[in-house]
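Enquirer: Okay, here's the prediction I keep looking at, along with the sequence it came from:
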Amino acid sequence: KEAQPQQKLANVVILATGGTIAGAGASAANSATYQAAKVGIEQLIAGVPELSQLANVRGEQVMQIASESITNDNLLQLGRRVAELADSNDVDGIVITHGTDTLEETAYFLNLVEKTDKPIIVVGSMRPGTAMSADGMLNLYNAVAVASSKDARGKGVLVTMNDEIQSGRDVSKMINIKTEAFKSAWGPLGMVVEGKSYWFRLPSKRHTMDSEFDIKTIESLPNVEIAYSYGNVSDTAYKALAQSGAKAIIHAGTGNGSVSSRVVPALQDLRKDGVQIIRSSHVNAGGFVLRNAEQPDDKYDWVVAHDLNPQKARILAMVALTKTNDSKELQRMFWEY
Ligand SMILES: NC(=O)CC[C@H](N)C(=O)O
């Protein structure tokens, strides 16, 4: 009998940053009470021996933190390492293990600034590896499966959680106690089952190769802050954020990104002082903010974030402001990305 030709395995690098996927609890019953960012990348890889059937996997510990503590400098550091690896001929795909709290921000940031069509997959877990029914093992296995597949190329930065393949642009953490935590208002791009990807749709917003932003030309990120809105809101937070040097303020608005009459005058003044005002919505299942709906954006020279939630709007605003401070250009970018 003739020997079957051995199929060459893809080379996948796992960049570890911490989070619950690297978490550890006191007992197997601790699914919610544990410490994040405890387990090193070599131990994570050793915990899923099946990875070696999918790819030649190697790991790097880029940082070891809970993702709520990620800074802009951390984002730049990670982004630069991803770009170096993506440029390397012996790397076919990159996986980033990450805490889930700001996973959607990092995924969107990389989606905007990495000039590569190689798969970049961001993955986390909702339960630490020490817990019963821990989800990190399968999420990581799925991430490596997608990162090593040719059909994941050119689809932008992806997130594999709960068997779904999500667009890093669209996906958001919607609940903090279920393994089914990550959702997109526009649906997942595909499913990954037993190491095989099944695709259903493609992202239509600009990303990676088609993006005008490039991590290699970004030296630092400007200060962009978010102010949350609710009934009886005051303008104190908006003014304080501007005072402390914010170049843009993301209005995490109610409903359609509406702005309280108690806040409108302050935002008009801040815009006159040069601060960019970007209206988004904090509704849970996905906002949809349109220009001149609720507020006269043309008249006030404000920008709308459209379907980007406040934390994703902050990411795009920071990246966009490295190129322009023109509100019309910013608005174009908010439609295109
Ligand atoms: N499920 C998680 O990853 C949350 C743990 C931690 N807060 C983090 O984001 O890193």
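Expert: Good, I have the coordinates.
Enquirer: Only C-alpha atoms from now on, for both contacts and neighbour counts.
Expert: Will do.
Enquirer: so residue 226, which of the three states?
Expert: Secondary structure, DSSP: H, G, I helix; E, B strand; the rest coil: residue 226 is strand.
Enquirer: With residue 99 as the reference, measure out to residue 37.
Expert: 8 Å (Cα to Cα, to the nearest Å).
Enquirer: more neighbours, these two?
Expert: With neighbours defined as other Cα atoms under 10 Å, residue 37 and residue 99 compare such that residue 99 has more, 30 against 23.
Enquirer: Leaving out the residues flanking it, which one is nearest to the more buried one?
Expert: Nearest residue to residue 99 in three dimensions, chain neighbours excluded: residue 19, at 3.4 Å (Cα to Cα, 6 or more residues apart in numbering).
Enquirer: By proximity to the ligand, which residue of the stretch 201-337 of the chain wins?
Expert: residue 311 (14.1 Å; Cα to the nearest ligand atom).
Enquirer: That residue: which element?
Expert: For residue 311, the host element (DSSP states H and E) is helix 310-321.
Enquirer: just residue 280 next, same as before
Expert: Following DSSP H and E, the helix or strand that holds residue 280 is strand 276-281.
Enquirer: tell me the mean pLDDT over that strand?
Expert: Confidence over strand 276-281, taken as the mean pLDDT, stands at 98.
Enquirer: So which elements touch that strand?
Expert: strand 248-253, helix 264-272, strand 303-304, helix 310-321 (3 or more Cα pairs under 8 Å, 6 or more residues apart in numbering; DSSP states H and E).
Enquirer: got the angle between the helix holding residue 311 and strand 276-281?
Expert: 150 degrees (axes from the mean of the first three to the mean of the last three Cα atoms, to 10 degrees).
Enquirer: thinking again about what came up before, export the helices and strands packed on strand 276-281 to JSON lines and append columns for mean pLDDT and mean neighbour count.
Expert: Putting these into JSON lines (pLDDT from 0 to 100; neighbours: other Cα atoms under 10 Å) gives the following:
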{"stretch": "strand 248-253", "mean pLDDT": "98", "mean neighbour count": "26"}
{"stretch": "helix 264-272", "mean pLDDT": "98", "mean neighbour count": "16"}
{"stretch": "strand 303-304", "mean pLDDT": "98", "mean neighbour count": "26"}
{"stretch": "helix 310-321", "mean pLDDT": "99", "mean neighbour count": "23"}
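Enquirer: Alpha carbons of whichever helix in the chain runs longest, in CSV - could you do that?
Expert: The single longest helix within the chain, with elements called by DSSP state H, is helix 72-87. Presented in CSV, the C-alpha positions along helix 72-87 are these (Å, rounded to 0.1, in the frame of the first residue of the first chain):
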residue,chain,number,x,y,z
ASN,A,72,-2.7,52.0,25.1
ASP,A,73,1.0,51.1,25.4
ASN,A,74,0.1,47.5,25.9
LEU,A,75,-2.1,47.6,22.7
LEU,A,76,0.8,49.1,20.7
GLN,A,77,3.3,46.6,22.1
LEU,A,78,1.0,43.7,21.2
GLY,A,79,0.2,45.2,17.8
ARG,A,80,3.8,45.6,16.9
ARG,A,81,4.6,42.0,17.8
VAL,A,82,1.7,40.7,15.7
ALA,A,83,3.0,42.7,12.8
GLU,A,84,6.5,41.3,13.1
LEU,A,85,5.2,37.8,13.2
ALA,A,86,2.8,38.4,10.3
ASP,A,87,5.8,39.6,8.2
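Enquirer: now the angle between helix 72-87 and the helix or strand just after that helix, please.
Expert: Next helix or strand after helix 72-87 toward the C-terminus (DSSP H and E): strand 93-97. Orientation check (the same axes, to 10 degrees): strand 93-97 against helix 72-87 gives 160 degrees.
Enquirer: Does the ligand have contacts with the longest helix of the chain?
Expert: No - judged by Cα under 6 Å from any ligand atom, helix 72-87 and the ligand are separated, with a smallest distance of 13.4 Å.
Enquirer: circling back: tell me who's in contact with the residue of the stretch 201-337 of the chain closest to the ligand.
Expert: 105, 226 (Cα atoms under 8 Å, 6 or more residues apart in numbering).
Enquirer: count of residues packed around residue 292?
Expert: Residue 292 has 14 nearby residues by other Cα under 10 Å.
Enquirer: Quick check, it in contact with residue 302.
Expert: No - judged on Cα atoms under 8 Å, residue 292 makes no contact with residue 302 at a distance of 9.4 Å.
Enquirer: show me where the stretch 101-250 of the chain has helices.
Expert: Counting by DSSP state H, counting those that start in this stretch, the stretch 101-250 of the chain has helices at residues 103-113, 136-147, 236-243.
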